[in-house]
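Q: pasting the sequence and the predicted coordinates here, then a few questions.
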Amino acid sequence: MEIASDVGVKAPDTVRKDAKNVVHPVGNGSVLKQITFLYDLPVSALRERFLALFPDSNAPSSKEFLVRRIAHKLQEDAFGGLSAPAREKLKTLQTNLDPLKDLGQKSSGGKATGHIPLPGTVITKTYKGKTIEVRVLEKGFEYDGKPYRSLSRVAREVSGVHQSGFVFFGL
């Protein structure tokens, strides 16, 4: 495993030997064997391993979550984590694409946008016995496969009468 040592990645058989409660009891198992072994452990043992890996965290009680976090850490230790540029790019994307950061703030037109549901939300309403489904897009709405700029336009399309889309859909 000469290449791995050149880039600072540990070989799977040397992963976390210093943390005796983290590695599979057999010791030299592959990362896959270690992860598979996690599923056989009781929650109490998983919590101990979690606390050994993440001492500043509170161990959750969900077995599935514990297994996933421990498995992720084992793989990260064995194969390396994200590079510094990748971590920086991820942080930038999280900041720029956070759908909650502008929620409740006023838009440039002075209208409050806090009551617009998050993109991807499907708004449903039963109107005259027919179920109406409107999907919220990044900019606008989609109804019956067609894009609309506002909920009021969707409400007019459905009812035939000009009215507030927010009132019509009960938002």
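A: Everything's here; your move. Worth saying up front: this structure is predicted, and the values here are computed from it rather than measured. Numbers count the residues shown, from 1 in each chain.
Q: tell me which other helices or strands the longest strand along the chain touches.
A: When the chain is parsed with DSSP state E, its longest strand is strand 130-137. Packed against strand 130-137 by the contact rule (3 or more CB pairs under 8 Å, 6 or more residues apart in numbering; DSSP states H and E) you find strand 122-127, strand 140-143, helix 151-159. For the C-beta atoms, the positions are set from N, CA and C on the backbone; glycine is no exception.
Q: shaky segments in this protein?
A: 1-29, 99-114 (pLDDT under 70).
Q: just to revisit the earlier point, what are the pairing partners of the longest strand of the chain, and which direction each?
A: Using DSSP bridges, the neighbouring strands of strand 130-137 in the sheet come out as strand 122-127 (antiparallel), strand 140-143 (antiparallel).
Q: tell me the most buried of those?
A: Using mean count of other CB atoms under 10 Å, the stretch among these with the greatest mean number of neighbours is strand 140-143 (a mean of 18).
Q: centre of the chain to the longest strand of the chain, how far?
A: Strand 130-137 sits 24 Å away from the centroid of its parent chain (CA atoms, centre = their mean, to the nearest Å).
Q: so which residues make contact with that strand?
A: With CB atoms under 8 Å, 6 or more residues apart in numbering as the test, strand 130-137 has contacts from 116-126, 141-143, 147, 151, 154, 158, 169.
Q: cutoff 7 Å now
A: When contacts are taken as CB atoms under 7 Å, 6 or more residues apart in numbering, the neighbours of strand 130-137 outside the stretch itself are 117-125, 141-143, 147, 154, 158.
Q: one step back: of all the helices and strands packed on strand 130-137, which one comes closest to residue 93?
A: When the helices and strands packed on strand 130-137 are ranked by proximity to residue 93, the top entry is strand 140-143, at 22.8 Å, counting by CB to CB.
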